[in-house]
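Engineer: turn this into a model:
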Amino acid sequence: MSEYDSPDPGWQQYRVQMDENNLRTLAVLYKVWAAMQALVMCCVGGYLFIVGAAVTGAVAADQTRGHAGPPPGLFVGIFGSIFFVVATLLVTTSVLNCFASRWIEQRKNWTGIIVMAALNCLSIPLGLGLGVFTMIVLNRPSVRSRFL
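Structural biologist: Purely as a prediction, here's the structure:
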């Protein structure tokens, strides 16, 4: 007999309440994590704007002086592409974390939540904690049975 099959109704009621509290906490944490990712994306966008303005000035100065060497435009192209990819990934994971929060609240798409938990594990340390906590909670038989 496992701890989930205890004949004590008080224990079963406690487990149900704890599962509900853990799921509510997970939903809130996913929203917070999505907001943090969106904030980081805004910082990356601001940084790209500042660097772009500085390099635009360097390109204008370079054209007037006729310097030899690598053009500053190449710098903008390479780092602009990297920042674009990072910003796209941050926006995508932020939106998917919002979806995961919604799925937890609605008790549906168990697989999608587990996939997002695994993806969050790639963001060390906060995403790792969220992902591991999600996998621990969602893999309990009492919780898994609540999902459609």
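Engineer: by mean pLDDT, which helix or strand of this protein comes out lowest?
Structural biologist: Lowest on mean pLDDT, DSSP states H and E among the helices and strands of the chain sits helix 9-65, with a mean of 83.
Engineer: now do the buried residues in the helix or strand following it.
Structural biologist: In the C-terminal direction, the helix or strand that comes right after helix 9-65 (DSSP states H and E) is helix 72-106. For helix 72-106, the neighbour count (16 or more other CB atoms under 10 Å) marks 72, 76, 83, 87, 90, 93-94, 96-98, 100-101, 103-104 as buried. Placement of C-beta: from N, CA and C, glycine included.
Engineer: and which of the residues you listed is nearest P9?
Structural biologist: Comparing the buried residues of helix 72-106 against P9 with CB to CB places I104 closest, at 26.6 Å.
Engineer: give the contact list for that closest one.
Structural biologist: When contacts are counted by CB atoms under 8 Å, 6 or more residues apart in numbering, I104 touches L23, L26, A27, Y30, I113.
Engineer: any chance of TSV for the residues you listed, columns distance to S145 and neighbour count?
Structural biologist: Converted to TSV, the contacts of I104 look like this (distance: CB to CB, whole Å; neighbours: other CB atoms under 10 Å):
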residue	distance to S145	neighbour count
L23	12	19
L26	16	22
A27	18	17
Y30	21	26
I113	15	24
